[in-house]
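Q: Structure of the sequence below:
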Amino acid sequence: MLKKTYWRDTAEARREVLMPFLWNVVAKEGQIYGNRDKGSDAYVTNEFFFSYPGYNETFCGFPDKRIDSNDKKLNPNVTVFEWLNKKPSFHGKIAAFGAWDLFPWILNSERAGILVNAGWDVFKDMDPTPELTLLNKFKLETPRIWNDEPFDAIPFYTALEYLKGKHPDVLYLSLGY
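A: Numbering: from 1, shown residues only. All right, here's what the predicted structure looks like:
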């Protein structure tokens with residue numbers, strides 16, 4: 001069934017049918033980076049080459065030697081999300097969801113003033129829908145394979161419920177496994 005629905009003769013046609021908005025709107029009206037086959041490589045410049053330092057560099061635009069581990073330390077740098085949230089037209093309209101429980105620290109959500117829900121944290125930032133109630137139940141009762149993140153379906157559907165209910169202008173979603 002999936003192959004019949006999504007298979008096309010070329011990689012370009014397959015990606016368009018799988019993610020039509022990304023390839024028919026974003027790619028045509030904006031820019032997408034990271035295709036090595038097309039000479040659009042993207043590399044971190046920090047010396048560590050692992051998660052938190054890489055996310056800092058991605059979200060802040062520069063490496064920071066103070067971020068040298070995956071420890072739960074608040075990011076001292078202003079991310080693009082925090083910068084946007086200071087703009088009146090975006091204030092309070094930014095949210096981030098992630099599988100990895102470190103995102104509240106990476107995004108320094110309290111200082112930034114943005115909503116961040118990550119890892120196994122129950123989502124309480126809007127009136128519960130039946131779907132959110134079930135997702136929160138999964139977060140509380142699902143056996144954990146990894147202590148720091150659930151399977152991707154949980155943050156994905158939590159973000160989707162938020163998107164449907166609150167219509168943020170910017171929504172960041174990071175999946176893990």
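Q: next SSE after the longest helix seen in the chain?
A: Longest helix in the chain, counting residues (DSSP state H): helix 153-166. Proceeding N to C from helix 153-166, the next assigned helix or strand is strand 170-174, under DSSP states H and E.
Q: isn't K166 right next to I94, touching?
A: No: the criterion here is C-beta atoms under 8 Å, and K166 misses it with I94 at 10.7 Å. All C-beta spots, glycine's among them, are computed from the backbone N, C-alpha and C.
Q: Just want to know which of these two has more residues nearby.
A: Of the pair K166 and I94, I94 is the one with more neighbours under other C-beta atoms under 10 Å, namely 23 against 14.
Q: For that one, which residues are in contact?
A: The contact partners of I94, by C-beta atoms under 8 Å, 6 or more residues apart in numbering, come to 81, 84-85, 114-115, 168-172.
Q: Quick one: buried ones out of these?
A: Buried residues within the contacts of I94, counting neighbours by 16 or more other C-beta atoms under 10 Å: 81, 84-85, 114-115, 168, 171-172.
Q: Distance to N136 and pLDDT for those - can I get that in CSV?
A: As requested, the buried ones among the contacts of I94 are exported to CSV (distance: C-beta to C-beta, whole Å; pLDDT from 0 to 100):
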residue, distance to N136, pLDDT
F81, 24, 98
L84, 28, 98
N85, 25, 98
I114, 20, 98
L115, 15, 98
P168, 19, 97
L171, 19, 96
Y172, 20, 97
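Q: how close does the spatially closest residue to N75 that is not a sequence neighbour get to Y6?
A: In space, N75 comes closest to N108 once its chain neighbours are excluded; the distance is 4.6 Å by C-beta to C-beta, 6 or more residues apart in numbering. Remark: distance between N108 and Y6 (C-beta to C-beta, to the nearest Å) = 38 Å.
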